[in-house]
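Asks: Sequence first, then the predicted structure, then my questions.
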Amino acid sequence: MSEAVVLVGTRKGLWIGRSDEDRQAWEWSEPQFLMEAVYGTGIDTRGAEPRLLVGGTSEHWGPGVYYSDDVGAKWTEAHAAPVRFPQELGASVERVWQIQPAGPPEPEVIYAGTEPSALFRSDDRGESFTLIRSLWDHPHREHWQPGGGGQAIHTVSPDPTDPAHLTVAMSTGGVYRTYDRGETWTPANAGIRVKFAPDPFPEFGQCVHKIAAHATAPNRIFAQNHGGVYHSDDGGDQWVSIAEGLPSDFGFPIVVHPHKPETVFVFPLAADIHRFPPDGKARVWRSDDAGDSWSPSESGLPDGFYASVLRDAMTADNAEQTGFYFGARDGSVFVSTDDGINWRQIAAHLPDVLSVRAAVVQVAPSPPDGVAQEVRRRC
């Protein structure tokens, strides 16, 4: 049967929401990976069974990657940390920021972006990962600097039709891309302004907060920068500002409609030093013309709202009638099933929301009440 599944990663664990395809009524799991900060979540729908993936960080044990093939009833963790640097590099992974399945041509490939800025590739659907040395060894790496949240690759955007083409974004470093399966990487930041740098348009060093592309138009990319909202129609050769019409050009997430490549959503914040929505009103802003004009979505969203929405805490599912979701740092989670016109709150009082992922998947019936979560370690 089909179910809508939403993963909400927080600073104190993971919550799993499940609903039917109408996505009106939601049931929530007990907290999983309690007291681990869950920055990275993913739902891989390419196999016979959906695979949930979680990147958690324990203050005691450090970062780990877990996966589940039964919608969170059981989780598997590798005995040794699956995302780790080769010993000779003398580096350690602080946290996993991004877990991203590759496109349909590579059904077993999953990417992980980490702090410090590094990209890892799995060829066994997330059971083990290998560092992509070409990006780690890039001559620019020594000049990449941490942003307010750390120095990390937080976005991995595979071209769904061309496995050789991959784009990543990091704070602080900017956008980089490869067209040769990661053999070489080039910066792709022309036109993105750096307000805090002597050269406002450097080759690299941008504090890009998030990028997003549409599956059928992978060379049209949208970017939410640390001050600035942009799009590129040529894969990042040149970026153009699309911030006019928004109440602020500062924010973290940016989401492209999965069925409408011209439609894009952002959640503006007042400023980098005032990280709450303008006028304290939660609003999702939408453009249906690739950023030429914007309008606010406000039905069902609260006023008197002073929480921010982080870069990976806003997402869309894969349903024909798409669901859009965001979670905020006050622990609230909202959904819209009419392209962002009306919103409903589906969770409240969770810990600080760090990541949200959602999909409509084919699942087996739920286990009987009282079946406890199980985490297995693979030897």
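Replies: Arrived safely, thanks for sending.

Asks: Just confirm G245 is within a strand.
Replies: No - according to DSSP: H, G, I helix; E, B strand; the rest coil, the state of G245 is coil, so it is not within a strand.

Asks: So for it, what's the nearest residue that isn't a sequence neighbour?
Replies: Leaving aside its sequence neighbours, G245 sits nearest to W294 (CB to CB, 6 or more residues apart in numbering; 4.1 Å). Glycine gets a C-beta too; all of them are placed from N, C-alpha and C.

Asks: Pull the number of nearby residues for the one you found.
Replies: W294 has 21 neighbours, counted by other CB atoms under 10 Å.

Asks: now do G147
Replies: 17.

Asks: List the contacts of it.
Replies: 171-172, 207, 226 (CB atoms under 8 Å, 6 or more residues apart in numbering).

Asks: Please name the bridge partners of it.
Replies: G150 (DSSP bridges).

Asks: Okay, and the beta partners of the residue positioned nearest the centre of the chain?
Replies: Among the residues of the chain, the one closest to the centroid is D312, at 3.6 Å (CA atoms, centre = their mean). Beta bridges link D312 to S355, judged by DSSP bridges.

Asks: Please look at it and G42 and confirm they touch.
Replies: No - if you go by CB atoms under 8 Å, D312 and G42 don't touch, sitting 10.2 Å apart.

Asks: Now do the contacts for the residue nearest to the centre of the chain.
Replies: Per CB under 8 Å, 6+ apart, neighbours of D312: 9, 39-41, 97-98, 154, 210, 253, 354-356.

Asks: Repeat the analysis, applying 10 Å as the threshold.
Replies: By CB atoms under 10 Å, 6 or more residues apart in numbering, D312 lies in contact with 9, 39-41, 97-99, 154-155, 210, 252-253, 327, 353-357.

Asks: picking that back up, now tabulate the contacts of G147 in TSV and tack on neighbour count.
Replies: Converted to TSV, those look like this (neighbours: other CB atoms under 10 Å):
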residue	neighbour count
S171	28
T172	24
C207	25
H226	22
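
Asks: and of those, the nearest to K260?
Replies: Using CB to CB, the shortest approach to K260 within the contacts of G147 belongs to H226, at 27.0 Å.

Asks: mind checking how far the closest residue in space to that closest one that isn't next to it in sequence is from R193?
Replies: Nearest non-adjacent residue to H226, counting by CB to CB, 6+ apart: C207, 3.7 Å away. Going from C207 to R193 by CB to CB, to the nearest Å gives 11 Å.

Asks: okay, and the common contacts of those two?
Replies: 225-228.

Asks: would you turn those residues into JSON lines with distance to P139 and secondary structure?
Replies: Shown next, in JSON lines, are the shared contacts of C207 and R193 (distance: CB to CB, whole Å; DSSP: H, G, I helix; E, B strand; the rest coil):
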{"residue": "N225", "distance to P139": "23", "secondary structure": "strand"}
{"residue": "H226", "distance to P139": "24", "secondary structure": "strand"}
{"residue": "G227", "distance to P139": "27", "secondary structure": "coil"}
{"residue": "G228", "distance to P139": "26", "secondary structure": "coil"}
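
Asks: So which of those residues wins on neighbours?
Replies: Neighbour count (other CB under 10 Å) singles out N225 as the most crowded of the shared contacts of C207 and R193, with 29 neighbours.

Asks: is it in a bridge, and if so with what?
Replies: V208.

Asks: shouldn't it be in contact with F250?
Replies: Yes - applying CB atoms under 10 Å as the test, N225 and F250 come out as touching, 8.6 Å apart.

Asks: Pull out the buried residues from stretch 171-183.
Replies: Under the neighbour-count criterion of 16 or more other CB atoms under 10 Å, stretch 171-183 has 171-179, 182 buried.

Asks: swap in stretch 346-358?
Replies: So, applying 16+ other CB under 10 Å, buried residues of stretch 346-358: 346-347, 350-358.

Asks: Contacts only, for V360.
Replies: By CB under 10 Å, 6+ apart, V360 lies in contact with 2-5, 19-21, 23, 43, 45, 50, 317-323.
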